[in-house]
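**Q** Any chance you could fold what I've pasted below:
(4 chains)
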There are 2 protein chains.
Amino acid sequence: MTRTPYGLNILDNCVTCPLRQDHLFCNLSLPAGQRLNEIKSTAVYPKGAMLFIEGQQPRGVFVLCAGRVKLSTSSREGKTIITKISDSGDVLGLNAVVSNRPYEVTAEMMEPGQANFIPREPLLQFLKDYPDASVRVAQQLSRNYFTAYEEIRTLGLAVTPSEKFAKLLLSWSTKSTMQGDGSSQVKMTLTHEEIAEIIGTTRETVSRLFSEFKRKQLLQLKGATLVLRSRGALEAIVQL
Amino acid sequence: MTRTPYGLNILDNCVTCPLRQDHLFCNLSLPAGQRLNEIKSTAVYPKGAMLFIEGQQPRGVFVLCAGRVKLSTSSREGKTIITKISDSGDVLGLNAVVSNRPYEVTAEMMEPGQANFIPREPLLQFLKDYPDASVRVAQQLSRNYFTAYEEIRTLGLAVTPSEKFAKLLLSWSTKSTMQGDGSSQVKMTLTHEEIAEIIGTTRETVSRLFSEFKRKQLLQLKGATLVLRSRGALEAIVQL
DNA sequence: GAAGAATGGTGATGCAGATCACACAGCGGC
DNA sequence: GCCGCTGTGTGATCTGCATCACCATTCTTC
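**A** As a prediction, the model looks like this:
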């Protein structure tokens, strides 16, 4: 480990695999793992750094080791939607690389972080040489697809902002955040503006949603900690 | 060729490949092609037949030979969105099969048609045995992903129904439909209701959009033939 | 060709949420 | 302390579209 300019520790290797067992490049054969190690490189990024930008030709994939990344796409007039917040272990840019189309999103570091970079050409060669890895890639792509599909369902079917907001809150409340009493505590790290870009509404509406949900005892705010009172009540709102 | 109950000719084989050169299972090695032929079966479907339904465990993939298929997903309350209209050559259900998750959409024949079916297990075995095919599958999946992403952009960024409607019209106006004078002729095969489900609005709004676009000289209706006056004017509306 | 179903056209009404407009709070910098 | 900046709360207004209601037209099917 080395100390870096951004006050972050460099992990020697985060492609293979401490982060996730279901990871794209985990549990490969030994020679495949070694080959991967040769072609990857590691870099550290400050907050606000762009890993890649919507429309760029794909240079390679990024395996996120530390820090969260905002994936977004924008219209010409500047309307932006955030399609996903990625964190450690996620593989970014895979679709673009496999199909050799421009990156379909912009990937921006939301906080200082670290990622492994695997350039396009060596990666494609690697996939040819190690077929088991390409099956993995296919599976990862199809996971991405399902995530995208969820997004479509949310955007297309969930009508009101309340519904989408409740859905987002539910997605934040995972097992790990559950308290004994059925409530759930989450660190709020997004601005209202960002939440608006996720659920496809305006900042003002998000502000009003927070007020409304507080009033209805659905949530509570203690500093930067969001307390969700009960999943059940939220689920009742999400009538998907 | 054989005559069938639905007044349709059976093609002996439509997996490999007359329909499309960029096809998933085209230009495979000879043994791979033969193997594929052994595991596939062909069937004919009437209008309204469901190839598979959202939520079902994946049985296999369908390679569409003839007829169009409506892919849709619904919310509990019965709101439906159509995510894609597939036609000959499309591969349906691939994502579900590769990741072994339930079909994420319902696939319904919009007209009598024919499809090859490849059951899940033999297909997965086939992919293991013929690595070049799994690279193809990865590419196909990533194409699917891009299509899904387009959908997300449309739903998330295009604000008004007019915009989405114009976008849909543009997607219908391809090179093949262009006339010399810059206009474009398309057969209208969807009901207003279906169009509404594609662009996420109501039937009434679609009716009004047609009136409005006619009034603005953007389109014209001759029987079932839709004449788009100029792409440019439509593109001006789509301010994505 | 008649009965019935599916599809399409259009008016009246109401309301949710976008937009605009400010005011205020927190925070870092110097 | 003062500034400037980013993020938040909330009122007032305006509008586009969903909804309801009904009728007209066009397709099925027997």
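**Q** Could you measure from the residue in chain A positioned nearest to chain B over to A:Ala115?
**A** Nearest residue of chain A to chain B (C-beta to the nearest C-beta) works out as A:Pro131 at 3.4 Å. C-beta here means a position set from N, CA and C on the backbone, and glycine is covered the same way. Remark: distance between A:Pro131 and A:Ala115 (C-beta to C-beta, to the nearest Å) = 26 Å.
**Q** ok, the two, which is more surrounded?
**A** Higher neighbour count among A:Pro131 and A:Ala115: A:Ala115, with 29 against 19, using other C-beta atoms under 10 Å in any protein chain shown.
**Q** Pop out the phi and psi values for the closest residue in space to the more buried one that isn't next to it in sequence.
**A** The shortest distance from A:Ala115 to any non-neighbouring residue, by C-beta to C-beta, 6 or more residues apart in numbering or on different chains, is to A:Phe62 (4.5 Å). With angles defined as degrees, to the nearest 10, A:Phe62 sits at phi -120, psi 130.
**Q** A:Phe62 against A:Val91, yeah?
**A** Yes: between A:Phe62 and A:Val91 there is a contact under C-beta atoms under 8 Å: 7.4 Å.
**Q** sorry, back to before: nearest spatial neighbour of the residue of chain A closest to chain B, skipping sequence neighbours?
**A** Leaving aside its sequence neighbours, A:Pro131 sits nearest to B:Pro131 (C-beta to C-beta, 6+ apart; 3.4 Å).
**Q** what's near enough to touch the residue nearest to A:Ala115?
**A** Counting by C-beta atoms under 8 Å, 6 or more residues apart in numbering or on different chains, A:Phe62 touches A:51-52, A:91-93, A:107, A:115-118.
**Q** partner residues bridging it?
**A** Per DSSP bridges, the residues bridged to A:Phe62 are A:Leu92, A:Phe117.
**Q** and the direction of the lengthiest helix in chain A versus that of helix B:131-157, what angle?
**A** Using DSSP state H to define each element, chain A has its longest helix at helix A:131-157. In terms of direction (axes from the mean of the first three to the mean of the last three C-alpha atoms, to 10 degrees), helix A:131-157 departs from helix B:131-157 by 20 degrees.
**Q** Against which helices or strands is the helix or strand following helix A:131-157 packed?
**A** Next in sequence after helix A:131-157, counting helices and strands by DSSP states H and E, comes helix A:161-172. Under the contact definition 3 or more C-beta pairs under 8 Å, 6 or more residues apart in numbering or on different chains; DSSP states H and E, helix A:161-172 sits against helix A:192-199, helix A:203-215, strand A:225-228, helix A:231-237.
**Q** which residues touch stretch A:148-157?
**A** Outside stretch A:148-157, the residues touching it (C-beta under 8 Å, 6+ apart) are A:83-84, A:164, A:167, A:200, A:240, B:73-75, B:79, B:81, B:83, B:104, B:145, B:148-149, B:151-152, B:155-156, B:200.
**Q** Near the closest residue in space to A:Gln56 that isn't next to it in sequence, how many other residues are there?
**A** Excluding the flanking residues, the one nearest A:Gln56 by C-beta to C-beta, 6+ apart is A:Tyr103, at 5.2 Å. For A:Tyr103, the neighbour count with other C-beta under 10 Å is 22.
**Q** How about the residue nearest to A:Phe213 when sequence neighbours are not counted: which residues does it bridge to?
**A** Distances taken as C-beta to C-beta, 6+ apart put A:Leu219 closest to A:Phe213, at 4.9 Å, once the chain neighbours are dropped. Beta-bridge partners of A:Leu219, counted by DSSP bridges, are A:Leu228.
**Q** which residues are contacting stretch A:114-126?
**A** Here stretch A:114-126 makes contact (C-beta under 8 Å, 6+ apart) with A:8, A:10-11, A:13-15, A:32, A:35-36, A:39-45, A:51, A:58-67, A:92, A:97, A:100, A:133.
**Q** Quick check: end-to-end length of it?
**A** Terminal residues of stretch A:114-126 are spaced 23 Å apart (C-alpha to C-alpha, to the nearest Å).
**Q** same thing with stretch A:74-83?
**A** Termini of stretch A:74-83 sit 10 Å apart (C-alpha to C-alpha).
**Q** hmm, that stretch in reach of chain B?
**A** Yes: residues of stretch A:74-83 contacting chain B under C-beta under 8 Å from any C-beta of the partner chain: A:74-77, A:79, A:81, A:83.
**Q** Can you list the buried residues in that stretch?
**A** A:74-75, A:79-83 (16 or more other C-beta atoms under 10 Å in any protein chain shown).
**Q** Please apply the same query to stretch A:86-94.
**A** Those buried within stretch A:86-94 under the rule 16+ other C-beta under 10 Å are A:86, A:88-94.
**Q** before we move on, what about stretch A:190-200?
**A** Applying 16+ other C-beta under 10 Å to stretch A:190-200 flags A:190, A:192, A:194-200 as buried.
**Q** residues making contact with it?
**A** A:70, A:72, A:80-82, A:85, A:155, A:161, A:164-165, A:167-168, A:202-203, A:205-207, A:210, B:156.
**Q** Just give the nearest non-adjacent residue to the most centrally placed residue in chain A, would you?
**A** By C-alpha atoms, centre = their mean, chain A has its centre lying nearest to A:Ser86, at 1.7 Å. Leaving aside its chain neighbours, A:Ser86 sits nearest to A:Val69 (4.4 Å; criterion: C-beta to C-beta, 6+ apart).
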